[in-house]
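In: The sequence and its predicted three-dimensional model are supplied below.
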Amino acid sequence: MKARYLAFMSYIGTGFRRSEKLWIRTGRNYPDPESVQGLMELALLKLRSLKYPNVTLSSRLNGFDIEKFREGAKYLVGVHDFTTFKKNDKLREYKHNRREIKSIDVRPGKPVVTDYTSKQDNVFDYWDIEIKGRAFVHNQIRRMIGTLNSVAIGRIDPKEIKVMLQVPSKHSWVSFVQSGPPDGLYLCNVEYNPEDLIYNADSTEIVKLQMQKNKLKETETVVTKVDGQRFIEKNNVTLPSTYGFVVDNKPDNIPIMITDFVYIGSQDCTASDVVQAYDIQHILSLGIDVETDVNHKFVECLDLPETDIKPVLQESLPFIANAVSSSENVLVHCNAGVSRTSMVAIAYVMHYKCMHYDDAYSLVKGKRPAIQPNDGFRRQLKSLKAGDIHSVS
């Protein structure tokens, strides 16, 4: 029979390296007599348990702030790229990691045990966390809970979650955050559209679909990942590719003026000394949020070919135009100042300078040679008429 026990203890730490075991890549089931946790596990092994004993230490230094937990959970709700929250050894799977969290409900609960008292003076608080979504990446829920636990005990700031989502990468994962344990994690419910559960073999629509399916020819699907790598789905053949985003690992802190009062650059240009040197009074951040003392607007925008640029331009162009009308400098930036920044800059020139795409692209490219809007951005910009973008402004 599987059992869990709660034990209170005190110890003198002179003879121990620390209370917790060191975490190593090969796993946690190894002897560590120099830690309190490891020594307790060695003692429990003498009981000849079928599995390696799992000892979890409770922190005595920090309280658990459920309101901070809820605050951090708000950042996770919505459509995001959860690459940061995916287990590292699964990142080579040729699938995108964009998922939608519809809701995270945190409410008082109780332990799933047979012996439990509901007295008001109980020394423990129990919480049920219900997460609703259509699908999840590998280890996403456990990593989300581990991150929120770290927020609740004050080890990381809730805004760190925003960064982990805005820069989806295994390198954005905070190394000291431990994934939540699998204990207590279970599937609550599966919701279906009632109409989808009705099967009628004689349905005209089903017959049509079967006929259309029989006419389909065998084909190979080319899958493009977020990082730009391409694969043939049929046999995992790797195609020649480059990164779908620019790795911004060099200082790029010189904003470039493309037209009167309008500057473009990377997120390095948002540093306070640069802002002061160039008299930047407004900052437009595309997909990468920053902290600044000047007038600031953040617009959600993923650097993906399938991103619809119209909602982005609807928010961005008026912000730039308002700054220019006041004869005040405005900086437009993303992560590297290459794709998203150039997309908005070109659209601005097309609209307010009445240029065709090729002329607007040449103007911005001549000012900042590093720009390179992705294929989807270019295709959508070319479909906009010069000086006639009233559908997005």
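Out: Yep, that arrived. Keep in mind the model is a prediction, meaning the values are calculated, not measured.

In: CA atoms for contacts and neighbours, from now on please.
Out: OK.

In: Can you show me the helices along the protein?
Out: With DSSP state H as the criterion, the chain has helices at 36-45, 66-76, 140-152, 159-166, 204-215, 272-277, 309-325, 340-352, 357-367, 375-382.

In: so which of those helices is the most packed in?
Out: Across the helices of the chain, averaging neighbours per residue (mean count of other C-alpha atoms under 10 Å) puts helix 340-352 on top, at a mean of 24.

In: How much space separates the residue most central in space within the chain from Asn214?
Out: The centroid of the chain falls nearest to Leu165 when counting by C-alpha atoms, centre = their mean (2.2 Å). Separation of Leu165 from Asn214 (C-alpha to C-alpha, to the nearest Å) stands at 42 Å.

In: what residue ranges in the stretch 51-200 of the chain score low on pLDDT?
Out: 58-62, 89-94, 112-123, 199-200 (pLDDT under 70).

In: show me where it has strands.
Out: For the stretch 51-200 of the chain, applying DSSP state E, counting those that start in this stretch gives strands covering 78-81, 98-108, 127-133.

In: Save those strands as JSON lines, and put in distance to Ala43 and mean neighbour count too.
Out: Shown next, in JSON lines, are the strands of the stretch 51-200 of the chain (distance: least, C-alpha to C-alpha, whole Å; neighbours: other C-alpha atoms under 10 Å):
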{"stretch": "strand 78-81", "distance to Ala43": "43", "mean neighbour count": "16"}
{"stretch": "strand 98-108", "distance to Ala43": "35", "mean neighbour count": "15"}
{"stretch": "strand 127-133", "distance to Ala43": "31", "mean neighbour count": "14"}
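
In: Of those strands, which is nearest Ala347?
Out: strand 78-81 (25.3 Å; C-alpha to C-alpha).

In: For the closest one, what is the distance to the chain centroid?
Out: Distance of strand 78-81 from the chain centroid (C-alpha atoms, centre = their mean, to the nearest Å) equals 6 Å.

In: Stretch 162-171 too?
Out: 5 Å.

In: Of all the helices of the chain, which one is nearest Asn189?
Out: helix 140-152 (15.4 Å).

In: Confidence-wise, which of the helices of the chain is weakest overall?
Out: Lowest mean pLDDT within the helices of the chain: helix 204-215, a mean of 75.

In: Surely Ile288 and Gln166 touch.
Out: Yes: counting by C-alpha atoms under 8 Å, Ile288 touches Gln166, with 6.2 Å between them.

In: and the gap between Val137 and Lys102?
Out: In this view, Val137 and Lys102 are 15 Å apart by C-alpha to C-alpha.

In: got it, and Cys354?
Out: Cys354 is 41 Å from Lys102, by C-alpha to C-alpha.

In: ditto for Val79
Out: Distance from Val79 to Lys102, by C-alpha to C-alpha: 8 Å.

In: what does Ala347 give?
Out: 33 Å.

In: Repeat that for Gln140.
Out: Noted for Gln140: a distance of 14 Å to Lys102, by C-alpha to C-alpha.

In: which residues touch Arg134?
Out: Contact analysis of Arg134 by C-alpha atoms under 8 Å, 6 or more residues apart in numbering lists 99-101.

In: Just give me the closest of those to Arg155.
Out: Using C-alpha to C-alpha, the contacts of Arg134 come closest to Arg155 at Ile101, 23.9 Å.

In: right, and the closest one touches Phe82 too?
Out: No: Ile101 lies out of contact with Phe82 (C-alpha under 8 Å); the separation is 10.3 Å.

In: circling back to that earlier point, let me see the contact set for the residue nearest to the centre of the chain.
Out: 80-82, 84.

In: Met257: what's it in contact with?
Out: Met257 is in contact with 263-264, 367, counting by C-alpha under 8 Å, 6+ apart.

In: typed the wrong thing, it's Ile309
Out: 377, 380.

In: Distance of it relative to Lys51?
Out: Distance check for Ile309 against Lys51: by C-alpha to C-alpha, it reads 54 Å.

In: again with Arg155
Out: 31 Å.

In: Out of these two, name the residue with the larger neighbour count.
Out: Arg155 (14 against 9; other C-alpha atoms under 10 Å).

In: can you list the domain ranges for the chain.
Out: 1-58, 66-172, 199-244, 256-382 (automatic domain parsing).

In: Specify the stretch among those that is closest to Leu185.
Out: Of those, nearest to Leu185 by C-alpha to C-alpha is domain 66-172, at 8.3 Å.

In: what's the span of the closest one, first residue to last?
Out: Per C-alpha to C-alpha, domain 66-172 runs 24 Å from first to last residue.

In: give me every residue that touches the residue nearest to Glu34 when sequence neighbours are not counted.
Out: Nearest residue to Glu34, sequence neighbours excluded (C-alpha to C-alpha, 6 or more residues apart in numbering): Phe16, at 5.0 Å. Taking C-alpha under 8 Å, 6+ apart, we find Phe16 in contact with 34-36.

In: Include distance to Gln281 when you put those into JSON lines, please.
Out: Shown next, in JSON lines, are these (distance: C-alpha to C-alpha, whole Å):
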{"residue": "Glu34", "distance to Gln281": "56"}
{"residue": "Ser35", "distance to Gln281": "54"}
{"residue": "Val36", "distance to Gln281": "55"}
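
In: and which of those residues is nearest to Ser342?
Out: Nearest to Ser342 among the contacts of Phe16, with distances taken as C-alpha to C-alpha, is Ser35, at 53.9 Å.

In: from what I can see the closest one touches Ile12, true?
Out: No: if you go by C-alpha under 8 Å, Ser35 and Ile12 don't touch, sitting 11.5 Å apart.

In: the more surrounded of those two?
Out: Between Ser35 and Ile12, Ser35 has the larger neighbour count (other C-alpha under 10 Å), namely 19 against 7.

In: show me the contacts for that one.
Out: Per C-alpha under 8 Å, 6+ apart, neighbours of Ser35: 16-21.

In: ditto for Val77
Out: 100-104 are the contacts of Val77 under C-alpha under 8 Å, 6+ apart.
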